[in-house]
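A.B. asks: no letters, just coordinates:
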Ligand SMILES: O=C(O)CCC(=O)C(=O)O
Ligand SMILES: [Fe+2]
């Protein structure tokens, strides 16, 4: 089977389930000789077939107006139901073998498996005289086992009185006979009615048909089961074709078969599956069992991205030229999802978000991304109704796209032999607990083998939600498994910035157990994402750096390898921080730079405090070096670091002194003369335009410049002024060709310098008070 075509088994399975969904028939008919049944009614005696007018009159004498149910009530209303009901206790029916045989044939035609049996339970005997009827209704299921109704029409001369049965838009009509018994059985969800009798009398017996045998077992004998099981075996035995290559990978780890009805997380349960889902699930459960697989119910989040367009959109409207000052029009449409024309499906992503825990039987949150090779469905997702959608105008990568989000229930199936790995991928926290429990119970070899089975996907563990808790569990399991290699495998996917002070004792324990070299290698792996080119100073590491002192304190067990680990963590943190910040300290201070550097104060303070506490002199030396970098940016960083530290503290002394000196030097500079309008342009560009701009800006008296300049030139000059946040207003006078760029120096030039002096004075006073810096 290893060389089957990938994906074929999945498609076949979906086709088979498509065919299975509809029972062979929803109502079935049999005609029997009048000898198939004999009856006696107390007060009338044995009935003779066809039922004569005289016996009909006698029956009517015993009858009472038939009731019908509506909600909780039982009512009589001749507008709804006009028929006589003969009290059941007066009625004796004897059914022959022929009757039983007919019923078994009907069972089969209704699509119920052979090991199941339909047991008729007499519900009522009814007499419809000329003109009587029963309007359309659905029978209530009076018994949990009731699946259908059987109507037996006794032989009698009559016209009209047809039994009309509807199901899924189809209508069937059955009529009674004068000389034979007719049987009609129909599923309980069929609507049906009795048309008015136009002549004679119609006499019927109605039965509840009870299904014996488990409804899940009901699928056991189904002819499709063995083929479905074969599809599963092939699916789990056929290597997938890897995307973007023609190489074969491993066979799929699981199969998720998407169901057709909607379910809420709360409403998801085997016993409440709707319509065709119930039939298909019952079949797949039996097939999974036969193929030695495990199966559970899950909820999937699906996102489809379609290449789409809006038929109403005027094409020029999107791409028309616009002047540089005009705001860029947002391309997102607001029209209804169904107004767009779908072209190609670009991408689908399917994630399982919840499932019924295979062991607990309770709904659990999980997060498992499925590959296309792991998903099958009979109804394509595009035929369902999305719960949300979003249209995006031209973005560069594709043309216009329409994203749609759906929620679908799914049956998730995996080979029992891979049960641990398969479940671990969906809920890694469960897996880690399980490993710990196994190891603690003395089943070390088994636990290690189970842990090794995670290797192929465990690298993704660092992306699961709830990292702090998960890392805590991984640290525990890594210790219990008592195997240095497996421990690294379990821990490697996490990142250093996931480590919180709460993890300290566990890490200290691991370092003591597996040794300094081991923990060093792990820390190296954990900072993979910190190296240049990975990502900038994202939010999490910044906050994490603030808490470094607490983490180091938690790690520092006297003279143990974990104190070394703490030092190493501080080293790595400083290298990352300095690598990111150092090169950015050069250049003018804009408001954007200032707020970025201000936010870096607390993280920088975290590193210095931790380094001071651990006595990491190299880090401290380096930090002070960085803070002494020339320019306003380094000063802002140094000041905000001191502000974060709050008051005089070990490790920060040099920094405070250095800041104070810098401020004093700045305040010693003469103030700007009130008529000096000279502004420096940062030297970043040496083009001709910037030369003109620079000359104008430097000029101590000139305040305004009228500059005829074409669009591209104007845009460049705007850019320079805005980027450096210069106190210069720029406007375009739209007259003549080219337009004229009008530049005007503003009063902000003086105001800013005044504010800067004030800030310096305040900072100096604070440094003198809090840090005891002598001035
Ligand atoms: O008399 C019949 O044919 C059907 C009666 C019926 O629908 C009922 O009793 O619910
Ligand atoms: Fe009925």
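C.D. replies: Yep, it's here. Note that the structure is predicted; figures quoted are calculated from it, not measured. Ligands and ions are numbered 1, 2, ... in the order given.
A.B. asks: now do the contacts for the residue nearest in space to the middle of the chain.
C.D. replies: In the chain, the residue lying closest to the centroid (C-alpha atoms, centre = their mean) is residue 301, at 4.3 Å. Contacts for residue 301 (C-beta atoms under 8 Å, 6 or more residues apart in numbering) come out as 350-353, 405-407. (Each C-beta comes from the backbone N, C-alpha and C, glycine too.)
A.B. asks: that one is in what secondary structure piece?
C.D. replies: Secondary-structure assignment from DSSP states H and E places residue 301 in strand 293-309.
A.B. asks: please apply the same query to residue 543.
C.D. replies: Assigned by DSSP H and E, residue 543 belongs to helix 539-546.
A.B. asks: now the angle from whichever helix or strand comes after that helix to helix 539-546?
C.D. replies: Next along the chain after helix 539-546, taking DSSP H and E as the criterion, comes helix 548-555. If you take axes from the mean of the first three to the mean of the last three C-alpha atoms, to 10 degrees, helix 548-555 sits at 70 degrees to helix 539-546.
A.B. asks: list the buried ones in the helix holding residue 543?
C.D. replies: For helix 539-546, a neighbour-count test (16 or more other C-beta atoms under 10 Å) marks 541-542, 544-546 as buried.
A.B. asks: equivalent analysis for stretch 119-138, please.
C.D. replies: So, applying 16+ other C-beta under 10 Å, buried residues of stretch 119-138: 120, 123-129, 132-134.
A.B. asks: hang on, the earlier thing: wait, which of the buried residues of helix 539-546 is closest to residue 718?
C.D. replies: residue 542 (32.3 Å; C-beta to C-beta).
A.B. asks: ok, that closest one - contacts?
C.D. replies: Taking C-beta under 8 Å, 6+ apart as the test, what residue 542 contacts is 599-600, 602-603.
A.B. asks: same deal with residue 29?
C.D. replies: Residue 29 neighbours (C-beta under 8 Å, 6+ apart): 174, 182-184.
A.B. asks: ok, residue 136 to residue 163 distance?
C.D. replies: Remark: distance between residue 136 and residue 163 (C-beta to C-beta, to the nearest Å) = 11 Å.
A.B. asks: can you pull the residues that touch both of those two?
C.D. replies: 192-193.
A.B. asks: now residue 96, nearest residue through space, not along the chain?
C.D. replies: residue 36 (5.2 Å; C-beta to C-beta, 6 or more residues apart in numbering).
A.B. asks: wait, that neighbour sits on residue 98?
C.D. replies: Yes. At 4.6 Å, residue 36 counts as touching residue 98 under the criterion of C-beta atoms under 8 Å.
A.B. asks: please say which of these two ends up with more neighbours.
C.D. replies: Each of residue 36 and residue 98 has its neighbours counted (other C-beta atoms under 10 Å); residue 36 has more, 21 against 15.
A.B. asks: check what pLDDT the more buried one gets.
C.D. replies: With respect to pLDDT, residue 36 scores 93.
A.B. asks: got the phi and psi for it?
C.D. replies: Phi and psi for residue 36, reported as degrees, to the nearest 10, are phi -70, psi -10.
A.B. asks: do the same with residue 174
C.D. replies: Phi and psi for residue 174, reported as degrees, to the nearest 10, are phi -120, psi 140.
A.B. asks: residues of the biggest helix by length in the chain that come out buried?
C.D. replies: Taking DSSP state H as the criterion, the chain has its longest helix at helix 748-770. For helix 748-770, a neighbour-count test (16+ other C-beta under 10 Å) marks 749, 757, 760, 763-764, 766-767, 770 as buried.
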